[in-house]
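> Build me a model from this:
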Amino acid sequence: MKKCLLITMLLFVANLLMAQNKTATGTDYKTAIGVKIWDGAGLSLKTFISEKTALEFVGFFNRNGTRITGLYEIHGLLNTEGNLRWYAGFGAHASLYKLAKGGGIDGVAGLDFKFNNLPLNIALDWQPSFEFGVGTLNGFQGNWGGLAVRYTL
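Residues are numbered from 1 along each chain as shown. Predicted structure coming up:
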């Protein structure tokens, strides 16, 4: 039920953003929505709040439960065309797993590529975190991140 609600909310947001009649077929984009894959799958929504800063929200699901993350990212160019960027940032998450629950703080570092003249973006990142929780979720977690494939708006 939670997954259906999250998917419906993300599709609703995407529909609202598309109604603004902004296209992202060049080398940059304002907002992107898609999937993020690691040890499971997640829904990813990324939106730029300025030319060099973005917010990313990830709802991650695997066999053990759910993790919801919000990140603030700073972007910089890596090529002259402007479609390959590095990014780094920080954020927070809440974890809802079968055997443990908690929250924590996150870092993120990665690469973001926007295809020229296609509404498609891919990103690869590492997202280390420090977990404050009960059960087995205490301490440093260095195994988060993922490969994101998103449709750009």
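
> can you list contacts of stretch 71-84?
Applying C-beta atoms under 8 Å, 6 or more residues apart in numbering, the set of residues contacting stretch 71-84 from outside is 27-28, 46, 48, 52-58, 85-91, 106, 108, 111-116, 127. Using the backbone N, CA and C atoms, a C-beta is placed for each residue, glycine as well.

> Show me these that map onto helices.
Using DSSP state H, no member of the contacts of stretch 71-84 falls within helices.

> buried subset of those?
46, 48, 54-58, 85, 87, 89, 91, 106, 108, 112, 114, 127 (16 or more other C-beta atoms under 10 Å).

> Run through the helices of this protein in chain order.
Taking DSSP H to define them, one finds helices in the chain at 2-18.

> Return, as residue ranges, the portions of it with sub-threshold pLDDT.
Scanning the chain for pLDDT under 70 picks out 1-27, 135-137.

> quick one: the nearest residue to residue 29 once chain neighbours are set aside and residue 69, what's the gap?
Distances taken as C-beta to C-beta, 6 or more residues apart in numbering put residue 152 closest to residue 29, at 3.8 Å, once the chain neighbours are dropped. Separation of residue 152 from residue 69 (C-beta to C-beta, to the nearest Å) stands at 20 Å.

> ok, the nearest residue to residue 39 once chain neighbours are set aside - how many residues close by?
Excluding the flanking residues, the one nearest residue 39 by C-beta to C-beta, 6+ apart is residue 62, at 5.8 Å. Using other C-beta atoms under 10 Å as the criterion, residue 62 is surrounded by 13 other residues.

> Let me know whether residue 62 touches residue 95 as I believe.
No: using C-beta atoms under 8 Å as the test, residue 62 is too far from residue 95 to be in contact (11.1 Å).

> for residue 112, what are its contacts?
75, 84, 85, 86, 87, 121, 122, 123.

> Would you enumerate the residues in contact with the fifth one?
What it means is residue 87. 54, 73, 74, 75, 76, 108, 109, 110, 111, 112, 123, 125.
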